[in-house]
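Participant: Structure for the following, please:
(one chain, ligands or ions: 1)
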Amino acid sequence: MKRIAVMVSGGGTNLQALIDAYKAGEIKNGEIVLVIASNPEAYALERAKQNGIEGLVISKKSFSSPEEFDNALINALHAKEIDLIVLAGYLSILSKKVTEEFGNRIINIHPALIPSFCGKGCYGLHVHEKVLASGVKVTGATVHFVNEIPDGGAIILQKAVEVKEDDTPETLQKRVMEEAEWKLLPRATSLFCQDRISINGMKTHIVEKAED
Ligand code: GRF
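Facilitator: Below you'll find the predicted structure:
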């Protein structure tokens, strides 16, 4: 059974999707044992508490240096013997020290089809504002491995979502969450916990199973 830590910063709807999938038996060979928030106000912490999952706040502001933050985060993850870290609406960029410590055991959900609309400054509603301003007809979400480059790791799963003419950033974000994020993240998490994702450079291979 792989031990999963979910890192959050906000409302935690992606965390909730993971919890709901776990309860439905859809995250095979994995259990969520820890939620780490970047700030104490994150409602995601309340979702963890409601579901009996330990919550921690590890905020960069609480440490006198980035190195101290890195060490506190790494120690907290090792203390719980974490096998997989899932970034679910986590807004801080993890340092190279952290991403190398857990090389290819960190995954992230990004609300666009990487390599479009990603990288520095592309998070939350900003992503959908850029999508609408660009005039594209299709957007979506991506789950990818995390390295020290924002949204830079190998892609695991993607799902396309239609952009509608009357969309606002808010309506588009909601559709991308409902139709893509909340489906892809639990699936990618389950595939990882079943050791069904292999990586070759920037390419991943997923072992398909009939019973999926
Ligand atoms: C969402 O836009 C998600 O795509 C991004 O963070 C935002 C908040 O997610 N990763 P959540 O509701 O906190 O899971």
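Participant: From here on, just use CA atoms for contacts and neighbour counts.
Facilitator: Noted.
Participant: who touches stretch 113-127?
Facilitator: For stretch 113-127, contacts defined as CA atoms under 8 Å, 6 or more residues apart in numbering pick out 89, 91, 110-112, 130-131, 139-142, 149-152, 155, 158-160, 169-170, 173.
Participant: if we go to 7 Å?
Facilitator: Thr139, Gly140, Ala141, Thr142, Pro150, Asp151, Gln158, Pro169, Gln173 (CA atoms under 7 Å, 6 or more residues apart in numbering).
Participant: Check stretch 100-112 too.
Facilitator: Contacts of stretch 100-112 with the rest of the structure, by CA under 7 Å, 6+ apart, involve 83-88, 139-146, 176, 181, 185.
Participant: Just the ones of those residues in helices?
Facilitator: Residues of the contacts of stretch 100-112 located in helices (DSSP state H): Val176, Leu185.
Participant: give me the element Glu165 is part of.
Facilitator: According to DSSP states H and E, Glu165 maps onto no helix or strand at all.
Participant: For it, grab phi and psi.
Facilitator: phi -60, psi -30 (degrees, to the nearest 10).
Participant: now do Gln173
Facilitator: Dihedral angles (degrees, to the nearest 10) for Gln173: phi -60, psi -40.
Participant: can you pull up the bridge partners for Val6?
Facilitator: In this structure, Val6 bridges to Val35, Val86 when assessed by DSSP bridges.
Participant: If Thr142 is in a bridge, with which residues?
Facilitator: In this entry, Thr142 is beta-bridged to His110, Gln158, by DSSP bridges.
Participant: tell me which residues in the helix ranked longest in the chain are buried?
Facilitator: Identified as the longest helix of the chain according to DSSP H is helix 66-79. Across helix 66-79, burial judged by 16 or more other CA atoms under 10 Å covers Phe69, Asp70, Leu73, Ile74, Ala76, Leu77.
Participant: of all those, which comes closest to Gly55?
Facilitator: Ala76 (11.1 Å; CA to CA).
Participant: Starting from Ala44, give me the distance back to that closest one.
Facilitator: For Ala76, the distance to Ala44 (CA to CA, to the nearest Å) stands at 18 Å.
Participant: ditto for Ala180
Facilitator: Taking CA to CA as the measure, Ala180 falls 19 Å from Ala44.
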